[in-house]
Each structure stands twice: as C-alpha cells, then as structure tokens.
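[1] just need the structure, nothing else, for what follows:
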Amino acid sequence: MFELRVQLTKTQKILVGALTVVGILGLWVLVTTLEWVQPSTLPGPLGLLEAVPKMHYEKFLIANSAVSLLRITLGFLIASLLAVPLGILMGSFGPVRAAFNPLVGPLRFLPIAAVVPIFIFWFGLGETMKVALLAVGTFVYLLPLVVESVDHVEEVYLKEAATLGASRFQRIRTILVPASLPAIYEALRVMFGLGWTYVMLAEFVSEESGVLGYGGVGYLINNLRRYGSMADILVAVGAILLIGVLVDLLLGYLGKTLFPWYSKT
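    Residues are numbered from 1 along each chain as shown. Sure thing, here's the model as predicted:
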C-alpha cells in the first residue's frame, strides 16, 4: 500500500479516509471530555449539537448561508462568462495572449484582501461590492487555468485538421474547445469552491442587512465573534463545509455525466 504512487482500490480509499476521520473525532472527544482545553476554546460534540437549534432559529443560519451561496454563484457566473471565452482566445491566438498577459498576469499575485478597501470605495458596502469582489477574485485565477487547458490540447490534432482543410475557427470550434472543455470544467469546479474564501472577505466588512434582510454567513460569523460563542462559530463554519462538500459532489457527478472519459472529474 505504501509503494510509490500506488493506486489504492475504492475500498482501501474509503477505509483509510474513514480511519482518519474516526481518529480525529476520537481525539476531539478525548480532549474535550478530559477538559484539556476549555469549552470556550474548543467545545465538545455535545456543545455543538446544543448550538445548532440556536443557530437555526435565532441566527437564521440556513438563510444566511443561502444568501452567501447566491452571491458566490453570481460572482462565479460573471467571472466564468468573461474568463472562459477570453481564455480560449488567449490559448488560440498569440497576439491575444500577448495583449492581455501584461494586464491579467500580475493580478494573480495581488491578495484579494488588499483590494477590499478599493472595492468599498468604488461600490460601497452593498451587493454590488460583494458580487464584484467575488467576480474579480474568481476571474484572475480562473483565466490562467482556462488558457492552460487550451494549451494542453495536442498540436497533432490541429495539424491534421489543417491538412484536411479546416479553417482556424473550425479548428477552434471542433478541436480546441471540445478537447479542452473537461479541463475547463474541472477548473470551474475548483474555482466555485474558492468563492467561499472571497465571500467571507466581502461579508466581514459588510454593515448592511443584505438580501431579504440577511447579511450572509460571513456577516453572521463576524457578529458571532463579538456576541456569540465558539460553539456558534464552529456550527457556522461546519455549515460552510457541508454546503461546499455537497455542491462539489454535485458538480463532480455532473462532470462525470458530461465528460465520462475524463478521469479527474
């Protein structure tokens, strides 16, 4: 099992993963039961369970999580509509890549947190700022992944199509785009999950109620930091993890359905 790059069976993967989870949960129960740390620092499982009803009925955790998910989706869609076609063009035509690389390339090294004050100055603290921050944060990391996906298409297919008389745009439509779509989809899947990082930044600085009176889970966690308990915060973080895992599983299943030959999905 510990040979270099050995491929585990599905059963072995499940077993190893389950043992890891059980071990961590057991350590958590042991540490909290013996009170090696204070409950205010790390509450036990029972403390989290007791906090769930409060978070649902008093703090509206589900509604706030739904608002955050909506913002992530809007920012993701805007970024995707811009990054995917531009990335395909940059991967297809050298002049397009040369034109946009000096503009977009350096942005990958700019921490998104550093531009939050700029977005607040431009757009205020409303929904426009949050969605714009999510869109820009997703775009600058998604675009290079799309370009890389197009670059990985084998050159031999393009040459064969050109030999058969296909025009450059026919080669893009029939070869570059279909061949790179599975990898582009995988990049989209990863970037959607990264949206939770950006929405936390956007909602932490929010001072408005937001959509339908809910500020989002980031706004909620920021308030819990001042007026709640560690158990409340951990329940909110757990909700983010649960939603992220469920959405990723859904996207993974959709990827396997759309691209069954692509092993990474």
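[2] now do stretch 95-102, average pLDDT.
    Throughout stretch 95-102, pLDDT has a mean value of 89.
[3] so how far is it from its chain's centroid?
    On the basis of C-alpha atoms, centre = their mean, to the nearest Å, stretch 95-102 sits 26 Å off its chain's mean C-alpha point.
[4] buried stuff in it?
    Going by neighbour count (16 or more other C-beta atoms under 10 Å), the buried part of stretch 95-102 is 96, 97, 100. (Glycine included, C-beta is placed from N, CA and C.)
[5] just stretch 224-243 next, same as before
    Those would be 224, 228, 230, 231, 232, 233, 234, 235, 236, 239, 240, 243, for stretch 224-243 by 16+ other C-beta under 10 Å.
[6] ok so, going back, between the buried residues of stretch 95-102, which is closest to residue 32?
    residue 100 (52.0 Å; C-beta to C-beta).
[7] separation between that closest one and residue 137?
    The gap separating residue 100 from residue 137 is 18 Å, by C-beta to C-beta, to the nearest Å.
[8] repeat that for residue 251.
    19 Å.
[9] which one of the two is surrounded by more residues?
    residue 137 (28 against 18; other C-beta atoms under 10 Å).
[10] can you pull the contacts of that one?
    Residues near residue 137 by C-beta atoms under 8 Å, 6 or more residues apart in numbering: 75, 79, 112, 194, 195, 197, 198.
[11] do you know the pLDDT at it?
    For residue 137, the pLDDT comes out at 89.
[12] can you tell me the helix or strand for it?
    helix 127-151 (DSSP states H and E).
[13] give me the distance from that helix to the chain's centre.
    For helix 127-151, the distance to the chain centre is 11 Å (C-alpha atoms, centre = their mean).
[14] kindly report the same for stretch 215-229.
    Remark: stretch 215-229 is offset 21 Å from the chain centroid, using C-alpha atoms, centre = their mean.
[15] and stretch 26-45, by the same measure?
    Here the centre of stretch 26-45 is set off from its chain's centre by 30 Å, with C-alpha atoms, centre = their mean.
[16] contacts for that stretch, please.
    25, 47, 51, 229, 230, 231, 234.
[17] and residue 261, helix, strand or coil?
    coil (DSSP: H, G, I helix; E, B strand; the rest coil).
[18] phi, psi for it please.
    phi -90, psi -10 (degrees, to the nearest 10).
[19] number of nearby residues for it?
    Neighbours of residue 261 under the rule other C-beta under 10 Å: 7.
[20] secondary structure element holding the residue lying closest to it once chain neighbours are set aside?
    Closest residue to residue 261 apart from its sequence neighbours, by C-beta to C-beta, 6 or more residues apart in numbering: residue 182 at 7.7 Å. For residue 182, the host element (DSSP H and E) is helix 177-204.
[21] all helices of the chain, in order?
    Here the chain has its helices, by DSSP state H, at 10-33, 45-57, 61-92, 94-104, 112-123, 127-151, 155-163, 168-171, 177-204, 217-227, 230-258.
[22] mind putting these into TSV with distance to residue 39?
    Converted to TSV, these look like this (distance: least, C-beta to C-beta, whole Å):
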stretch	distance to residue 39
helix 10-33	7
helix 45-57	6
helix 61-92	21
helix 94-104	48
helix 112-123	31
helix 127-151	34
helix 155-163	61
helix 168-171	63
helix 177-204	25
helix 217-227	16
helix 230-258	8
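[23] which of those helices comes out lowest on mean pLDDT?
    Across the helices of the chain, helix 155-163 gives the lowest mean pLDDT, at a mean of 80.
[24] break this structure into its domains for me.
    Following the assignment in automatic domain parsing, the chain carries domains at 1-36, 43-258.
[25] any idea which of the ones you listed is most buried?
    Each of those was scored by mean neighbour count; the highest is domain 43-258, a mean of 17, by mean count of other C-beta atoms under 10 Å.
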